[in-house]
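>>> Build the 3D model from these lines:
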Amino acid sequence: MAPEHSDSLPADTAALIGESVILERRGDYATALQRAREAQAAAAGDPAALAAAHLAVARVRFRLGQYDAARALAEEALAIAPAGQVTTTHAEAWLIKGMCAAETYSLAEAEDCYRRALDLVRETGDHLLRLRTLHDLAIVYLMRGQFGLALAADEESARVARERDLLDWIYFPLVTTAIANQTLLRLPAARAALAELRPACASELIANAYPNLIDADIALDEGEQARALELYSRAYSCAEELGDAPFTIDARLGLSRYHSVTGNGPAARAWADDAHTIAARLGYRHLQGRAQFMRGRAAWACGDLAAGEADLRAAIGTLLPLDAAYDLACAEFYLAALLHERADPGARDAWRDAAQRIARSGYAFLLEHERALAFPLIAAYLNDPDPQAAEVAGGLVEHLQRVPPAPLRVVMLGGLRVWQGSRRIDRGALRRRRAGELLALLLLAPGRSLAFEAIAEALWPDKDPAGAQALFHHATSALRRALEPDLPDKFASRYLEVEEGRAALHLPPGSTLDCEDFAAHCRRGEWEAALALSGGELLPEFAYADWATMPRQQVARECQRALLAVAQAGLAQGAFQAAIDACHRLLALEPWHEQAVELGMRACLALNDLTGARRLYRELEKRLHDELGVAPQAELQALYRALPGSPSKRPPRSATG
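You can find the predicted model right below:
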């Protein structure tokens, strides 16, 4: 790919720079550097071309972590570029200077350089450079923990890519968008970014590196531990082959996180220590601070509280001058939790510092990431004798209520099953005190909300109001505990709201309910998709519950309608076996369905299966005679009599038919 200003350069220089850019994006830095140097040699004597070649070398130097060299080349390009006119060379030189400042954690300088580059880009109208600069500005925001600004900048960057046919570059804003959404626990949005990102990755090693790492983080958040390990391992292999310094550290930190979540403290500590060693050697202070607090967390898990505290304090010291607010909040939070566990006199002050930073910066989602640690800690400080400590704990509860919990996936066709993310909710917990029945009742209710009286009538019709009220309290408490087993008693559930005589169920974004998806497919005539979701009758475990009868019958009718449509389509399109299979499924639901028998017979005849056609008719005939005292309809009898070898006459249909 040629540079964006290639048409103003000599052809040989432009070709070499273009080849260097392609090689750099593929991760072949050695060859990319060689081509860029050849461009420098070819551009000798032409200041504009030489400035562009300097920037090609600077890009590769940047990728290799040689930031002083890259910055010097960018400054030299600015010095020799034609004066008195605004060119893309000027804008890209400021962009590279900003990139180097960002990587050396001079974030204010980086933002200033990027804004200078954007001002120049507006004059040149270079859309690719605008895309790249917006994306790099998003990275500065991401490093600061300003996730909303990062998403806004990269949304604009991706829009430029789509509108200006620069889809080869959409990879970059999509990576950052996925990272920000994963950190914010907006996992459906993160997955959507990854879904758009994957086709843009092609087969290039560097292009697949970060998507694997982000996908691993999401899988771990959703409890898919085996898949997470596979993806982290793949990302680590990419890192080792590429030699990309920041990614090498990130891959190790990912593996540390995996082992921390899965309870292997020594392995988590070893990976974090390895990441810290590399980050310290290469001067990546931000990643060094992150490695320190992750190593401290792992040391704590190993029972080495002194080493854990030392690492967490070191992380705070590293991160504080960098304006890396989110990572600093993580380190402060872990330190507060560690000190609280060992009843350290400084625990309360550490808690206030951490809680205030989390609240001030809008990082309540951090508490959701670390709910097993955070929720008991907040509950402990809610009644602290220090009013300020209690106040900040109460404030965090309010902030936490605005963080959506993990989405629910609910299956009701074929039996009630519920997943929170990828965690299967224990069936025993749903059976306890009719928690699952209450959940199903609310899921089927209009607006997922019912008054106490309606719930009592459905679940405890023989109880007096006082008895029903006690059972209602037990059921709501059991359901709350089933959905959020680690939620302290003083915390309001984010799934189940019970107040003013009503119970309401709130499904977070990304939640699914199979019977609703089934009904939506049926409304659109998407019969195959509807049947793919149909795993059996609705809520068979509540077969004798009056409140489930009408919804169950509605699902059964829609399923029969879908099977009939599939059978008809199969017969019309020559998919005869599919038509027969649909007819058999329909007859299993409705054994007297004469139209299903007719369609099945015709499909059997098309396959020259006379035995199958006769069997379908005779089974129906016997069933109708034995159970209803009637014969099949005349048209069906005629079809049967027309079969070779069939009797010429059949008994007439009963008068009651």
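>>> Skip the chain neighbours and tell me the closest residue to the residue most central in space within the chain.
Computing the C-alpha centroid of the chain and ranking residues by Cα atoms, centre = their mean puts residue 187 first, at 2.9 Å. Ranked by Cβ to Cβ, 6 or more residues apart in numbering and with sequence neighbours excluded, the top spatial neighbour of residue 187 is residue 218, at 5.7 Å. No exception for glycine: its C-beta is placed from N, CA and C like everyone else's.
>>> picking that back up, separation between the residue nearest to the centre of the chain and residue 544?
Going from residue 187 to residue 544 by Cβ to Cβ, to the nearest Å gives 38 Å.
>>> can you check residue 230 too?
From residue 230 to residue 544 the distance is 45 Å (Cβ to Cβ).
>>> Residue 221 now?
Note on residue 221: its distance to residue 544, by Cβ to Cβ, is 40 Å.
>>> just residue 34 next, same as before
78 Å.
>>> Please say which of the two ends up with more neighbours.
residue 34 (16 against 7; other Cβ atoms under 10 Å).
>>> That one sits in which helix or strand?
Here residue 34 sits within helix 29-42, counting by DSSP states H and E.
>>> So which other helices or strands are in contact with that helix?
Counting contacts by 3 or more Cβ pairs under 8 Å, 6 or more residues apart in numbering; DSSP states H and E, helix 29-42 is packed against helix 11-26, helix 47-63.
>>> Lowest average confidence across the ones you listed, which one?
Note on the helices and strands packed on helix 29-42: lowest mean pLDDT is at helix 11-26, with a mean of 90.
>>> List the buried residues in that helix.
Across helix 11-26, burial judged by 16 or more other Cβ atoms under 10 Å covers 13-26.
>>> just for the chain, where's the confidence low?
Scanning the chain for pLDDT under 70 picks out the ranges 1-7, 84, 200-207, 490, 646-657.
>>> How is it divided into domains?
1-125, 408-514, 526-641 (automatic domain parsing).
>>> So which of the ones you listed is nearest residue 142?
Closest approach to residue 142 among those (Cβ to Cβ): domain 1-125, 10.0 Å.
>>> neighbours of the closest residue to residue 498 other than its chain neighbours, just the number please.
Counting by Cβ to Cβ, 6+ apart, residue 498 lies nearest to residue 476, which is 5.0 Å off, once chain neighbours are set aside. Residues lying near residue 476 (other Cβ under 10 Å) number 20.
>>> Check the one 3 residues further on too.
Residue 479 has 27 neighbours, counted by other Cβ under 10 Å.
>>> how about residue 403, phi and psi?
With angles defined as degrees, to the nearest 10, residue 403 sits at phi -90, psi 120.
>>> That one is in contact with residue 362, isn't it?
No. The criterion here is Cβ atoms under 8 Å, and residue 403 misses it with residue 362 at 9.9 Å.
>>> neighbour-wise, which of those two wins?
Set side by side, residue 403 and residue 362 show more neighbours around residue 403, with 20 against 17, by other Cβ under 10 Å.
>>> Now do the same contact list for the more buried one.
Residue 403 makes contacts with 185, 364, 365, 367, 368, 494, as judged by Cβ atoms under 8 Å, 6 or more residues apart in numbering.
>>> Over to residue 295?
So residue 295 contacts 256, 269, 272, 273, 276, 311 (Cβ under 8 Å, 6+ apart).
>>> what's the closest non-adjacent residue to it?
residue 272 (3.8 Å).
>>> where does the one you found land in three-state SS?
The local conformation at residue 272, judged by DSSP: H, G, I helix; E, B strand; the rest coil, is helix.
>>> That one against residue 289, yeah?
No. Contact criterion Cβ under 8 Å: residue 272 and residue 289 do not qualify, at 11.7 Å.
>>> Could I get the full set of strands for this protein?
Per DSSP state E, the chain carries strands over the ranges 408-411, 417-420, 423-424, 449-451, 496-499, 502-505, 512-513.
>>> In a markdown table: the ones you listed, plus distance to residue 171 and mean neighbour count.
Formatted as a markdown table, those follow (distance: least, Cβ to Cβ, whole Å; neighbours: other Cβ atoms under 10 Å):
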| stretch | distance to residue 171 | mean neighbour count |
| --- | --- | --- |
| strand 408-411 | 30 | 19 |
| strand 417-420 | 31 | 20 |
| strand 423-424 | 31 | 12 |
| strand 449-451 | 44 | 16 |
| strand 496-499 | 41 | 15 |
| strand 502-505 | 39 | 18 |
| strand 512-513 | 29 | 16 |
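>>> what's the closest of those to residue 638?
Per Cβ to Cβ, nearest to residue 638 of those: strand 408-411, 43.5 Å.
>>> For that closest one, which outside residues touch it?
With Cβ under 8 Å, 6+ apart, strand 408-411 has contacts from 416-420, 439, 443, 483, 495, 507-508, 511-514, 535.
>>> Over to stretch 351-358?
So stretch 351-358 is contacted by 325, 328-329, 332-333, 335-336, 339-340, 363-364, 366-367, 377, 381, 388-389, 392-393, 395-396, 399 (Cβ under 8 Å, 6+ apart).
>>> likewise stretch 336-346?
With contact meaning Cβ under 8 Å, 6+ apart, stretch 336-346 is reached by 296, 300, 305, 308-309, 312, 347, 350-351, 353-355, 373-374, 377, 380.
>>> One more: stretch 81-100?
By Cβ under 8 Å, 6+ apart, stretch 81-100 touches 3-5, 8, 47-48, 51-52, 55, 58-59, 62, 67-68, 70-71, 73-75, 77-78, 109-114, 116-117, 120-121, 123-124, 126, 129, 132-133, 136, 140.
>>> Selecting buried members of those in PyMOL, what would you type?
Selecting the buried subset of the contacts of stretch 81-100 in PyMOL, with 16+ other Cβ under 10 Å as the burial test, is done by:
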select buried, resi 3+4+5+48+51+52+55+58+59+62+67+70+71+73+74+77+78+109+110+111+113+114+116+117+120+121+124+126+129+132+133+136+140
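>>> Now go through the contacts of stretch 81-100 and say which are in helices.
Counted as lying in helices by DSSP state H, out of the contacts of stretch 81-100, are 47-48, 51-52, 55, 58-59, 62, 67-68, 70-71, 73-75, 77-78, 109-114, 116-117, 120-121, 123-124, 129, 132-133, 136, 140.
>>> burial measure for residue 549, as a count.
Residues near residue 549, counting by other Cβ under 10 Å: 13.
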